[in-house]
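Trainee: build me a structure from this.
(2 chains)
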Amino acid sequence: MARIELNGVRKTFDSAEILKGIDLAIEDGEFIALIGPSGCGKSTLLRIIAGLEPQSAGEVHIDGVPVDGVRPSARNLAMVFQSYALYPHLTVFDNIAVPLRMRRHSALARMPVVGRLLPERSRVERGIREDVERVAAQLELSALLRRKPGQLSGGQRQRVAVGRAIVREPVGFLFDEPLSNLDAKLRVHMRAELAQLHRQLKATFVYVTHDQAEAMTMSSRIAVMIEGDIVQIGTPAEVYENPGDIRVAEFVGSPKINVLPGLVRADGGLEVLGRPLGLQTSAPAGRCSICVRPERVEPGAGSGAISGTVAHLENLGAEAFVHVKVDRIDLPLVARVNPDRQLPTIGSAIDFAFPASAVRVFDAAGKRIEVVAPVRSERVREKALG
Amino acid sequence: MVAPAFTLMFLLLLGPLLGVIALSFTDYQLGSPSFSWIGLANYRDMFGDRVFWLSLRNTLTYVAIVVPAAVALGLAVALLIESGSSLRSWYRTIYFLPVMATLIAMSIVWEFMLHPQFGLINGLLQGVGLEGFSWLQDRRTALYALCVIGIWQALGFNMVLFLAGLVSIPRQLYDAAEIDGAHGAWARFRLVTWPMLGPTTVFVVVITGIRSFQVFDTVHVLTKGGPSKSSEVLIHTMYVEGFEFFRSGYGAALTVVFLVFVLLLTLVKSALTNRGVHYT
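Mentor: Here you go, the predicted model:
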């Protein structure tokens, strides 16, 4: 089991800076997800932890020991790849056995013909067989051991890749978007299996994904990476509820958070679309962004609310999303509603409002602004508008 | 609708093939107004002829030397070029030049290089104190000198095929091999490169095999099958019988033998590719 620590890790390819000084401490036994839009450097960071890629500057420590210049296999981390990276010419059994054979056999014993003549080879091979069969049983692969990867379904290949990772009992697991090649249904299933595996092994999991649903459902902490920086680290709930940066707010959550143009007045009061919000801030006056999650937008809230027209409807059965076109805003606002209620028709006028507690405010540079609701207005009515 | 494809195949492939087979049962001579069916007489002649067996043995020797050497060297050069970082396209071009150059012209260059008195090879050998050979005029060396030229010529083509095969190996497999503890070039080659090159290797071996069976240009230009038939090969015998002695029927019988070998190679290829080297 391992604690992985990154200090000021930088990576430049040619002149492009991919990682701009990453500091990250991953606790022993933690399930941490690295998420971010594609090209943010999360996969590069994972490869640096694995040792597949040297960093340009900074240090990687595993259990307090600097591992720079230590070979990937000697770091004793396992990695599961997006494409599974199974050896197509080997059976499931042999695929899982590769890391054990590489470690337990001498180079001579791995030779095609000569190796078979060595007496200790068969003893080692028996041990390998036991270990592979134990792992296969654990992952329900026992019936498939003689097959080749080409004869397996996506989910089965994924499990073989996981089997190859866990058979050598590494101190940590690195996952590089392992579920993105699976179909949606299987992905949800594998999500549960991986979370279960983490509870069972109690090993350190570092999980790279661009799918925030995977990060939210499985990990104990999320590190949001944007343009080579870790912008925020926290529990899934923290990152979702209290984004520190507008890019985090916009990346986490589906559908995307609603962003409305706002203004901090000279007296510290906040305005959205020219209406006072009833919130105060100590931030300097200027333009700002008012952000509200779709599930906190309440349609049909009556007087004082913002009005618009329904541009689009998405009914998913368990929930429905109403896209509302509002004057002076380019993107339609999205409100999550319960489809039990009568859904508005497309083109009809609609009003909506949101509670003050749902508002997250960011300054022009995208940094979070703390706001307070004056005690008086909070007691009268929680609605920010009206 | 199979008719158009079948028509074309019949016109271009099956028709001529059947023609050759039919011709091999006749005593037809090039230019003669008539011929008669003589059954298996051509084949009887052929199997009783010392020159046929000699040229068959020489052809098989040539194939047995050129194929492994050209495949192994082609793979080695491809691996070296792939592992190096600079001058890649430069090396690629250099090694590919023999493929693009006309073999007849290149044969003349080789003739100068192998010349007993003023050739480059013997010059170099004398430079290090060794005695040279009359490479192409000596019964002991003529066939092997032709083999070297054959390897030199096939090398570049095989290299290009292997390079294409190497490029198509997924990078993540090498990453996985590294994580799994396959250190060093040899372990990586055994675990990833060699198995993943399986389909390419089968193709390269068969293509080199067929092209080696067809060896003719160098023989015709440099030795004419001599000295005393020591470098006589199938296609050259066929040419001599068919176009110098005008024994078209006999030449056709030789062609049939040649086609049987090519067919065998093709069958081996399809048997191998159907199982074993294609994994998905």
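Trainee: spell out which parts of chain B neighbour chain A.
Mentor: Taking C-beta under 8 Å from any C-beta of the partner chain as the contact definition, chain B meets chain A at B:170, B:172-173, B:175-183, B:187, B:190-192, B:195-196, B:198, B:279-280. Every residue, glycine included, has its C-beta placed from N, CA and C.
Trainee: let's see that with 6 Å instead.
Mentor: Chain B comes close to chain A at residues B:172-173, B:175-176, B:178-182, B:195, B:279-280, as judged by C-beta under 6 Å from any C-beta of the partner chain.
Trainee: possible to save the residues you listed as a markdown table with pLDDT?
Mentor: Shown next, in a markdown table, are the residues of chain B next to chain A (pLDDT from 0 to 100):
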| residue | pLDDT |
| --- | --- |
| B:172 | 88 |
| B:173 | 91 |
| B:175 | 90 |
| B:176 | 90 |
| B:178 | 88 |
| B:179 | 88 |
| B:180 | 87 |
| B:181 | 85 |
| B:182 | 82 |
| B:195 | 89 |
| B:279 | 62 |
| B:280 | 53 |
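Trainee: which of the residues you listed sit farthest apart?
Mentor: Farthest-apart pair in the residues of chain B next to chain A is B:181 and B:280; separation 25.5 Å (C-beta to C-beta).
Trainee: tell me which of the two has more neighbours.
Mentor: residue B:181 (20 against 7; other C-beta atoms under 10 Å in any protein chain shown).
Trainee: any idea which helix or strand comes after the helix or strand where residue B:89 lies?
Mentor: With elements delineated by DSSP states H and E, residue B:89 resides in helix B:88-100, which encompasses its position. Helices and strands here follow DSSP H and E; after helix B:88-100, the next one along the chain is helix B:103-113.
Trainee: now that following helix: mean pLDDT?
Mentor: Along helix B:103-113, the predicted local confidence has a mean pLDDT of 84.
Trainee: next SSE downstream of that helix?
Mentor: Immediately after helix B:103-113, counting by DSSP H and E, sits helix B:120-127.
Trainee: specify the angle between that following helix and helix B:103-113 in degrees.
Mentor: Direction vectors for helix B:120-127 and helix B:103-113, defined by axes from the mean of the first three to the mean of the last three C-alpha atoms, to 10 degrees, enclose an angle of 30 degrees.
Trainee: could you say what helices and strands the helix or strand following helix B:120-127 packs with?
Mentor: The helix or strand immediately downstream of helix B:120-127 is helix B:142-167, counting by DSSP H and E. Here helix B:142-167 touches helix B:50-83, helix B:88-100, helix B:198-213, going by 3 or more C-beta pairs under 6 Å, 6 or more residues apart in numbering or on different chains; DSSP states H and E.
Trainee: what's the burial count for residue B:91?
Mentor: Once other C-beta under 10 Å is used to define contacts, residue B:91 is seen to have 16 neighbours.
Trainee: kindly report the same for residue B:76.
Mentor: Here the count is done by other C-beta under 10 Å, and residue B:76 has 13 residues near it.
Trainee: what's the answer for residue B:199, then?
Mentor: The local packing count at residue B:199 equals 16, with neighbours defined by other C-beta under 10 Å.
Trainee: low-confidence stretches in chain A?
Mentor: Counting by pLDDT under 70, chain A shows low-confidence ranges at A:1, A:301-304, A:375-386.
Trainee: contact residues of it facing chain B?
Mentor: On the criterion C-beta under 6 Å from any C-beta, chain B has as its neighbours in chain A the residues A:52, A:72-73, A:79, A:81, A:83, A:85, A:88-89, A:98-99, A:102-103, A:148, A:150.
Trainee: out of the residues you listed, the closest to residue A:62 would be?
Mentor: For the residues of chain A next to chain B, the residue nearest residue A:62 by C-beta to C-beta is residue A:72; the value is 11.6 Å.
Trainee: surely residue B:82 meets residue B:167?
Mentor: No - at 7.9 Å, residue B:82 and residue B:167 do not qualify as touching, with contact defined as C-beta atoms under 6 Å.
Trainee: who's more crowded, those two?
Mentor: Regarding residue B:82 and residue B:167, a neighbour count based on other C-beta under 10 Å identifies residue B:82 as having more, with 15 against 9.
Trainee: need the pLDDT of that one.
Mentor: At residue B:82 the predicted local confidence, pLDDT, stands at 83.
Trainee: quick check: bridge partners of residue 26?
Mentor: Just so you know, I chose chain A. The partner list for residue A:26 in beta bridges (DSSP bridges) reads residue A:4.
Trainee: oops, I was thinking of chain B
Mentor: When residue B:26 is checked against DSSP bridges, its beta-bridge partners turn out to be residue B:37.
Trainee: and the closest residue to residue B:166 other than its chain neighbours, how far from residue B:243?
Mentor: Closest residue to residue B:166 apart from its sequence neighbours, by C-beta to C-beta, 6 or more residues apart in numbering or on different chains: residue B:82 at 5.0 Å. From residue B:82 across to residue B:243, the span is 44 Å (C-beta to C-beta, to the nearest Å).
Trainee: give me the phi and psi angles of the residue nearest to residue A:73 when sequence neighbours are not counted.
Mentor: With C-beta to C-beta, 6+ apart as the measure, residue B:181 is the residue that lies nearest to residue A:73, at 3.7 Å, once sequence neighbours are left out. Its backbone dihedrals place residue B:181 at phi 100, psi 20, with angles given as degrees, to the nearest 10.
Trainee: what do you get for residue A:372?
Mentor: Dihedral angles of residue A:372 (phi, psi; degrees, to the nearest 10) stand at phi -130, psi 150.
Trainee: is the closest residue to it other than its chain neighbours in a bridge, and if so with what?
Mentor: Distances taken as C-beta to C-beta, 6+ apart place residue A:280 nearest to residue A:372, at 5.3 Å, with adjacent residues excluded. Beta bridges link residue A:280 to residue A:269, residue A:372 when assigned by DSSP bridges.
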